[in-house]
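>>> Structure of the sequence below:
(chains A, B, C and D)
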Number of protein chains: 2
Amino acid sequence: MHHGTVTTPGGIGPRLRELREARGLSLSEVARRAGIGKATLSGLETGVRNPTLETLYAVTAQLGVPLSAALAAAPAQRVSGAAVTATLLRTFEEQGCTFELYRLVVAAGARQVSPAHQAGVTEDLTVFAGALRTGSADAPLLVGAGEHASWRADVPHVYEAVGGTDVQASLLIRTPSAR
Amino acid sequence: MHHGTVTTPGGIGPRLRELREARGLSLSEVARRAGIGKATLSGLETGVRNPTLETLYAVTAQLGVPLSAALAAAPAQRVSGAAVTATLLRTFEEQGCTFELYRLVVAAGARQVSPAHQAGVTEDLTVFAGALRTGSADAPLLVGAGEHASWRADVPHVYEAVGGTDVQASLLIRTPSAR
DNA sequence: TGTTGGTGTTTCATAAACGGAACGCTCACG
DNA sequence: CGTGAGCGTTCCGTTTATGAAACACCAACA
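Residues are numbered from 1 along each chain as shown, chains lettered A, B, ... in the order given. You can find the predicted model right below:
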């Protein structure tokens, strides 16, 4: 790019190396299977090269990992508030609706209120660890690990970690297409 | 690459164009903001070029979209059985556990039994549409839209869409690290 | 009907990613 | 000790992605 400093965003190279070594495969082996040069894979893993999408795909396909997983260490879009850090995992466009799947981390003991979204928006939340008080601000639900909650997001809603630990959760926001 | 045919996996180019146009931005504008050449972005969107990871990142960052979302149309790793299509959305490595987040589609009326996983594996499933009978094969649970189920996966487990429609769900598999 | 300001595409020299081959290295085996 | 097979890195000529600029096109406006 115009300023020739560090190239690859995130630690994709090291991450690929981890994935490869976790499978007990040698660099030479993966390069051969993927049909790319050893030099290419070496440079990719050590970060001295800035791989082509095609190259990256050839490698991740061989490792049996989707590209998105390999890019997991790359800076994802995050929406951080006082208490909540949301990482957009994926979006779907589905028959008139947009789904946005987030991973949520709510800091221990913290609380955050989100403003209302547009009409028709619903949120589905699953807690994997910790306990979360969440839902519409006037009638929040207590959701423990392994539990699920759902509410309409066209009113203000709240997130509050009630245990002494951070809350890990997944959040699916369903937005009807405005068009 | 060695055989110079179609390069970019999936329809990343067209997808980026959609994302850009959905935001009402011109190609020139995005190229300028992203600090890349118009020729590059043009070639990227039309699919005649095979972009560098760095280029791709510059564009997606400008569009406010994580790389993984831009790659959503790319062929993700799928595990298909008789009834279930599972798309790996993302993996986390978290304090001694590996989390794998899948999107599940269970064909209407179909049924599939999965063999037992290793000891300690748990599965958390959230249904977004349809109704699913799932869980351990001898004691399955009925899970409707918006509901959640959780079970230990070290015994055989079953997936069965009971309504007349396909079931859309998310599945989180938690695997304690063997090391 | 210029002319200006925008669009997206194409041309082109340069820079860089590419694969093949050579390198140095470690380890297993005779 | 060889020495052969594997490893990951480095060298190097070829391929190709890159950005600046020129291009054709369109709409607004004097």
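>>> just checking, A:Glu123 is part of a strand?
Yes. A:Glu123 sits within a strand when classified using DSSP: H, G, I helix; E, B strand; the rest coil.
>>> which one is it nearest to, not counting chain neighbours?
A:Ala153 (4.7 Å; C-beta to C-beta, 6 or more residues apart in numbering or on different chains). Quick note: C-beta positions are derived from backbone N, CA and C, even for glycine.
>>> you'd agree that neighbour is up against A:Leu171?
No. Look at A:Ala153 against A:Leu171 with C-beta atoms under 8 Å: they stay out of range, at 10.0 Å.
>>> joint contacts of the two?
Taking C-beta atoms under 8 Å, 6 or more residues apart in numbering or on different chains as the contact rule, A:Ala153 and A:Leu171 both touch A:Glu123.
>>> Would you state the strands of chain A in chain order?
According to DSSP state E, chain A carries its strands in the segments A:78-80, A:84-94, A:97-106, A:111-114, A:122-129, A:132-136, A:141-143, A:148-152, A:157-161, A:167-176.
>>> of those strands, which approaches A:Pro51 most closely?
strand A:84-94 (22.1 Å; C-beta to C-beta).
>>> quick one on the thing from earlier: how many neighbouring residues does the residue nearest to A:Glu123 have?
For A:Ala153, the neighbour count with other C-beta atoms under 10 Å in any protein chain shown is 21.
>>> Repeat that for A:Glu18.
Neighbour tally, A:Glu18, other C-beta under 10 Å: 14.
>>> Up against DNA strand C, what does chain A have?
A:4, A:7, A:35-40, A:43-44, A:49-52, A:54-55 (C-beta under 7 Å from any atom of the strand).
>>> Just the buried ones out of the residues you listed, please.
Among these, those classed as buried by 16 or more other C-beta atoms under 10 Å in any protein chain shown are A:7, A:36, A:40, A:43-44, A:49-52, A:54-55.
>>> Make JSON lines out of those and add pLDDT and distance to DNA strand D.
Conversion of these to JSON lines gives the following (pLDDT from 0 to 100; distance: C-beta to the nearest atom of the strand, whole Å):
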{"residue": "A:Thr7", "pLDDT": "34", "distance to DNA strand D": "11"}
{"residue": "A:Ile36", "pLDDT": "94", "distance to DNA strand D": "11"}
{"residue": "A:Thr40", "pLDDT": "95", "distance to DNA strand D": "8"}
{"residue": "A:Gly43", "pLDDT": "94", "distance to DNA strand D": "6"}
{"residue": "A:Leu44", "pLDDT": "94", "distance to DNA strand D": "9"}
{"residue": "A:Arg49", "pLDDT": "92", "distance to DNA strand D": "9"}
{"residue": "A:Asn50", "pLDDT": "94", "distance to DNA strand D": "8"}
{"residue": "A:Pro51", "pLDDT": "95", "distance to DNA strand D": "10"}
{"residue": "A:Thr52", "pLDDT": "95", "distance to DNA strand D": "5"}
{"residue": "A:Glu54", "pLDDT": "92", "distance to DNA strand D": "7"}
{"residue": "A:Thr55", "pLDDT": "94", "distance to DNA strand D": "9"}
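>>> out of these, who's near chain B?
A:7, A:36, A:50-52, A:54-55 (C-beta under 8 Å from any C-beta of the partner chain).
>>> Would you mind naming what in chain A lies close to DNA strand D?
A:1-2, A:26-29, A:38-39, A:42-43, A:45-46, A:48, A:52, A:54.
>>> wait, which of those residues is closest to A:Gln112?
For the residues of chain A next to DNA strand D, the nearest to A:Gln112 is A:Met1 (36.3 Å; C-beta to C-beta).
>>> Using CSV, write out every CA atom in stretch A:142-158.
Written as CSV, here are the backbone C-alpha positions of stretch A:142-158 (Å, rounded to 0.1, in the frame of the first residue of the first chain):
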residue,chain,number,x,y,z
LEU,A,142,-32.7,-12.8,34.1
VAL,A,143,-30.9,-15.1,31.8
GLY,A,144,-28.4,-17.6,33.1
ALA,A,145,-25.8,-19.8,31.4
GLY,A,146,-27.3,-21.9,28.7
GLU,A,147,-30.6,-20.0,28.8
HIS,A,148,-32.1,-17.9,26.1
ALA,A,149,-34.2,-14.7,25.9
SER,A,150,-36.0,-12.9,23.2
TRP,A,151,-37.6,-9.5,23.0
ARG,A,152,-38.7,-6.7,20.7
ALA,A,153,-36.0,-4.1,20.4
ASP,A,154,-38.2,-1.2,19.3
VAL,A,155,-38.1,0.0,22.9
PRO,A,156,-35.0,0.8,25.0
HIS,A,157,-33.3,-2.3,26.3
VAL,A,158,-30.8,-3.1,28.9
